[in-house]
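>>> Predicted structure and sequence below. I'll ask about it afterward.
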There are 2 protein chains.
Amino acid sequence: MLNKYEAFIRTVELGSLSKAADDLGYTQSGVSHMIRSLEEELGFKILIRSRAGIRLTDAGEQIYPAICGMMDHHEQLKQIVYALRGMNAGTVRIGTFTSVAVHWLPDIIKEFQQDFPHIQFKLLNGDYYDVEKWLRKDAVDVGFVHIPVSDRYHCIPLLQDRLLAILPQDHPLTQGKSFPIAYAAKEPFISLPDSSAQDVKQVLKAANVSPKIKFTTKDDYAILSMVEHGLGMSIVPELLLTGHSQNIAALELDPPASRTIALAFRKQNSAGPATGKFIDYICQWVARRYPHHLL
Amino acid sequence: MLNKYEAFIRTVELGSLSKAADDLGYTQSGVSHMIRSLEEELGFKILIRSRAGIRLTDAGEQIYPAICGMMDHHEQLKQIVYALRGMNAGTVRIGTFTSVAVHWLPDIIKEFQQDFPHIQFKLLNGDYYDVEKWLRKDAVDVGFVHIPVSDRYHCIPLLQDRLLAILPQDHPLTQGKSFPIAYAAKEPFISLPDSSAQDVKQVLKAANVSPKIKFTTKDDYAILSMVEHGLGMSIVPELLLTGHSQNIAALELDPPASRTIALAFRKQNSAGPATGKFIDYICQWVARRYPHHLL
DNA sequence: CTTTATATATGAAAAAATTTCATGTATAAT
DNA sequence: ATTATACATGAAATTTTTTCATATATAAAG
């Protein structure tokens, strides 16, 4: 009932069913059904659909503000409920590594802030070794880590993230469908420091390959830039490459390898209501973002 | 979603789950589930249950006004929708016979008025012969009739209403489990005029019984009163007896007989939106009132 | 004009929620 | 003790919501 109103409002605001669906985490079909069911229950059409998106009908124009008014009230109600639940104050401390900090957290936090505007965030950025350390020292409430994790913590697997070989776009090996790991020994290799790249090191070791490490940097994006400029190759998780395809070619490893990103937090819930809620949001966001990679 | 809020508000207003259920047309179980699901979704208890009914908890006290506010807005929204549908003006003209006019309509109309306060009613009271006449002359928009009805009209069967023999409470035949129709010849019989009691006449004729008609009156309640005072017996529909058990004994006929009460209205919808809506309300009301007599 | 890409629609199935039914438990009143 | 009243609960039925797979429509590009 309320979802339909919500969908209607968002559709009008964004001018399109599909965008509203995206925004609210529904399928386009879902929103289409919702609007139709709303129209049926009202007894008249409220949207004019066309190629270019949607427009309010006359009747739609009339009820739109009323529906907004109602949803505003509902928003108020939610705020009161949050207050009663202790969600109107507090801080969530998060430990992350780079790819998550760049490609996930801004979006997740933004969404969370819309519902819980009074909750503060504190972000600590490092490699996954750091994150476990912070968890142990109780410096963060929740951390993004790689499986396996010490079973002193609760752990929710989120996403299996492939490790890909990256090369300058014009490199000859780019032609292949995948990248035989052995080749990593032949190219100048750009690496993270030992502590930060456990997974890559393991992959290489398992294949018995010793890369010619030419450069070492702690900044993941520096690696990308170096590869882009033809200084060598590297192996990085797919997530890091999100939205970054210029001048870099990424190839699946042969044999394939991946890391599993997970969420870890202390078992006794010492962290106030906001942390639990935030964890829910992360899980839902990831499930929505990667609908086919359910873990 | 909204139903839960509604149920919550009504429960608080009436101080009891059961009463709210009654009032809203749910089962008590339904409301109990609703409140619980509301509490689960809020994350805290909102009602204190006890033998004497219910009371708001602290948290309940806090959210109650907010929920009312939201529902008020929803009410406004409904009014706008009604206006757009043409439900904020108009008249519904209804033809009925006595038992419906007394035992059904007040309640149905009251309920309808809550949702559509601007709709006027015009009631015409007669026997079912009159009602068909009014329908034909377009003097009413909708009429309560008995099946069979001329198929010039749409017809929705509502309730199968038994015909019962009524006797003074102290009458010897009262002891039996049912009333063999033949006995009707032996008692003074109080009757409606011919035109108004087709169904009773048919039953008697089918059983080949000629009652000793002692009195004839057009007022159904006069019949009851006469029977109450020991002036004779009669055969009347069960509905007429609703809530009237003092000094009258009612017995099922042997063989049983009944009339089917139905709603009739003209086929081309000449009657404005309010009539259609009112018909819906009648059907729903009857279905709710007689859950086991679905037709 | 076809073709392509984008936007909405739709029927059937799956998933979730609402509501009832049949019964259980507790307590105040008789 | 017994009865009557009021709420609770588990399972089943019903209804609603949401997705999936596909269809239809149209503007834009070739």
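Yep, it's here.
>>> Give me the sheet partners of the biggest strand by length in chain A and which way each runs.
If you go by DSSP state E, chain A has its longest strand at strand A:153-168. According to DSSP bridges, strand A:153-168 forms sheet pairs with strand A:234-237 (antiparallel), strand A:248-254 (antiparallel), strand A:258-266 (antiparallel).
>>> tell me the contacts of residue A:265?
The contact partners of residue A:265, by C-beta atoms under 8 Å, 6 or more residues apart in numbering or on different chains, come to A:135, A:141, A:142, A:143, A:153, A:154, A:271, A:275, A:279. Yep, even glycine has a C-beta here, placed from its N, CA and C like the rest.
>>> Pipe those residues into a markdown table and attach pLDDT per row.
Shown next, in a markdown table, are the contacts of residue A:265 (pLDDT from 0 to 100):
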| residue | pLDDT |
| --- | --- |
| A:135 | 95 |
| A:141 | 96 |
| A:142 | 96 |
| A:143 | 96 |
| A:153 | 93 |
| A:154 | 91 |
| A:271 | 83 |
| A:275 | 92 |
| A:279 | 91 |
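>>> Out of the residues you listed, give me the one that has the most neighbours.
When neighbours are taken as other C-beta atoms under 10 Å in any protein chain shown, the top entry among those is residue A:143 (29 neighbours).
>>> Setting aside sequence neighbours, what's the nearest residue to that residue?
Spatially, and ignoring its direct neighbours in sequence, residue A:143 is nearest to residue A:95 (3.6 Å; C-beta to C-beta, 6 or more residues apart in numbering or on different chains).
>>> what's across from the one you found in the sheet?
residue A:124, residue A:143.
>>> tell me the contacts of it?
Neighbours of residue A:95 in contact, by C-beta under 8 Å, 6+ apart: A:124, A:126, A:130, A:131, A:134, A:135, A:139, A:140, A:142, A:143, A:144.
>>> which of these tops the neighbour count?
The most crowded member of the contacts of residue A:95, judged by other C-beta under 10 Å, is residue A:143 (29 neighbours).
>>> just to revisit the earlier point, and the residue nearest to residue A:143, how far from residue A:145?
The gap separating residue A:95 from residue A:145 is 8 Å, by C-beta to C-beta, to the nearest Å.
>>> now do residue A:110
Distance, residue A:110 to residue A:145, using C-beta to C-beta: 23 Å.
>>> which of those two has more neighbours?
Using other C-beta under 10 Å as the criterion, residue A:110 and residue A:145 rank with residue A:145 on top: 27 against 9.
>>> secondary structure class for that one?
Classification of residue A:145 using DSSP: H, G, I helix; E, B strand; the rest coil returns strand.
>>> Could you do the one 3 residues further on as well?
Here residue A:148 is coil, with the state taken from three-state DSSP.
>>> Residue A:276 now?
What three-state DSSP gives for residue A:276 is helix.
>>> Ok, residue A:182 next?
Classification of residue A:182 by three-state DSSP places it in helix.
>>> need the contact list for it.
A:207, A:209.
>>> Give me the residue at the spatial middle of chain A.
By C-alpha atoms, centre = their mean, chain A has its centre lying nearest to residue A:104, at 3.2 Å.
>>> Report pLDDT for that one.
With respect to pLDDT, residue A:104 scores 92.
>>> which neighbours do residue A:95 and residue A:145 share?
Contact criterion C-beta under 8 Å, 6+ apart; residues shared by residue A:95 and residue A:145: A:131, A:135.
>>> Find the nearest non-adjacent residue to the residue in chain A sticking out farthest from the centre, please.
Distance to the chain centre peaks in chain A at residue A:43, reaching 40.3 Å (criterion: C-alpha atoms, centre = their mean). Spatial nearest neighbour of residue A:43, excluding adjacent residues (C-beta to C-beta, 6+ apart): residue B:85 at 5.2 Å.
>>> can you check residue A:47 too?
Nearest residue to residue A:47 in three dimensions, chain neighbours excluded: residue A:54, at 4.7 Å (C-beta to C-beta, 6+ apart).
>>> Helix or strand for the one you found, just tell me which one.
Under the criterion of DSSP states H and E, residue A:54 resides in strand A:53-56.
>>> What segments of chain A are helices?
When assigned using DSSP state H, the helices of chain A occupy the ranges A:2-14, A:17-24, A:28-42, A:58-85, A:98-103, A:105-115, A:128-136, A:198-206, A:220-228, A:238-241, A:272-289.
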